[in-house]
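Enquirer: dropping the sequence and predicted coords here.
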There are 2 protein chains.
Amino acid sequence: MEKSSNEELSETAITAWAQLLRSSQNLLANIEAELKSKKMPPLSWYDALLELRNQKTNRLRPFELQKRMLLTQYNMSRLIDRMARDGFIECLDCNEDKRGKIVHITQSGRALLRKMWPIYRLAIINGFASKLDESEIDKLSEILLKITVTED
Amino acid sequence: MEKSSNEELSETAITAWAQLLRSSQNLLANIEAELKSKKMPPLSWYDALLELRNQKTNRLRPFELQKRMLLTQYNMSRLIDRMARDGFIECLDCNEDKRGKIVHITQSGRALLRKMWPIYRLAIINGFASKLDESEIDKLSEILLKITVTED
DNA sequence: TCAATGTAGATGCAACTGCAACTATCTGCT
DNA sequence: AGCAGATAGTTGCAGTTGCATCTACATTGA
């Protein structure tokens, strides 16, 4: 099932597309590099921990976490392994569903969030926020929202 | 040397940032998946071949190609290995600099560009261009341009 | 001229990702 | 009850990426 399309694709659209790819890749790479230079784990660890902390119960099932982040199931499985190995999360038995388990953020995980945030924050400011004014940021959000896939 | 910053970082800016990451990741993942489902190589092969074809001489040194794409040196080295293995490029001796070599797009490489473009094009239309009007595309370009690192 | 330093590119090894297959459990249906 | 899917999660293996290091050639400068 594929949306048709002999539709137009303007030069400007291609350029915009290329710019979108480039700028996000670029910013992301800078942030990862910044984190690494400070001996911090990658951004995905931050994202995962943040999702967990945002739950009132501080916990999620792997498949729930997986949907919130854009990760495949096996990558989620392994991310959990690594974060658990380093003590930032812990895995509990799930009694409601014996197939599954429950991922829970630890104190150490919370501490990591606190340590990573200033670095992340600064990178967002320097690479992104400080270069745009309020109205541009709003407009950008608005536009990006329109290309966000909203199926699920 | 790090740009200072106790600067503000608004909620809206964080949201916009998150949206930028998400949408580009998402679109990119869709395109890669689309290509893969059609048994095509990844987008980076397309990019590299396109850069080569855009040269009047159809060739570039690896380090030049590397700067144009956002790739590390070793990843470029290996990308070249793979594309050469599959016959889409060929590597020639470089007489001006005996350390280096010259990467040249083959007929087969050009053919690959032609085969990949319709798929790529359609994905850009469906995931991106068709969801925005002209003025939004312009505005997006304009905004993204401002956060593009322009050093070098 | 030749030593010091810089640049182009490759590569061994470890970590990470993708794919396909696998186990274990759950759900729906007859 | 009991079987046919569907779903949660894991894992072996192959391919890819990151890091550090290495070779070879180029450039600079005393």
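Expert: Nice, thanks for sending it over.
Enquirer: buried residues in stretch A:59-66, which are they?
Expert: A:59, A:60, A:62, A:64, A:65, A:66 (16 or more other C-beta atoms under 10 Å in any protein chain shown). In this view, the C-beta of every residue, glycine as well, is placed from N, C-alpha and C.
Enquirer: actually stretch A:27-42, not the one I typed
Expert: In stretch A:27-42, counting by 16+ other C-beta under 10 Å, buried: A:27, A:28, A:31, A:34, A:35, A:40, A:41.
Enquirer: need these in JSON lines (columns: secondary structure and pLDDT).
Expert: Listed next are the buried residues of stretch A:27-42 as JSON lines, based on DSSP: H, G, I helix; E, B strand; the rest coil; pLDDT from 0 to 100:
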{"residue": "A:27", "secondary structure": "helix", "pLDDT": "93"}
{"residue": "A:28", "secondary structure": "helix", "pLDDT": "93"}
{"residue": "A:31", "secondary structure": "helix", "pLDDT": "94"}
{"residue": "A:34", "secondary structure": "helix", "pLDDT": "93"}
{"residue": "A:35", "secondary structure": "helix", "pLDDT": "94"}
{"residue": "A:40", "secondary structure": "coil", "pLDDT": "95"}
{"residue": "A:41", "secondary structure": "coil", "pLDDT": "96"}
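Enquirer: just the closest of the residues you listed to residue A:130, please.
Expert: residue A:27 (12.3 Å; C-beta to C-beta).
Enquirer: which among the buried residues of stretch A:27-42 gets closest to residue A:74?
Expert: Using C-beta to C-beta, the buried residues of stretch A:27-42 come closest to residue A:74 at residue A:41, 19.0 Å.
Enquirer: who's in contact with the closest one?
Expert: A:35, A:86, A:112, A:116 (C-beta atoms under 8 Å, 6 or more residues apart in numbering or on different chains).
Enquirer: and the residue of chain A nearest DNA strand C?
Expert: Nearest residue of chain A to DNA strand C: residue A:98, at 3.4 Å (C-beta to the nearest atom of the strand).
Enquirer: make sure that residue is indeed in a strand.
Expert: No - counting by DSSP: H, G, I helix; E, B strand; the rest coil, residue A:98 is not part of a strand but coil.
Enquirer: looking at the buried residues of stretch A:59-66, which are in strands?
Expert: Among the buried residues of stretch A:59-66, the members falling in strands (DSSP state E) are A:59, A:60.
Enquirer: dump the contacts of residue A:41 to a markdown table, plus distance to chain B and secondary structure.
Expert: A markdown table is the format used below for these (distance: C-beta to the nearest C-beta, whole Å; DSSP: H, G, I helix; E, B strand; the rest coil):
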| residue | distance to chain B | secondary structure |
| --- | --- | --- |
| A:35 | 14 | helix |
| A:86 | 24 | coil |
| A:112 | 19 | helix |
| A:116 | 14 | helix |
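Enquirer: so which bits of the strand or helix carrying residue A:120 are buried?
Expert: Assigned by DSSP states H and E, residue A:120 falls within helix A:107-127. Within helix A:107-127, the residues scored as buried using 16+ other C-beta under 10 Å are A:109, A:112, A:113, A:116, A:119, A:120, A:122, A:123, A:124, A:125, A:126, A:127.
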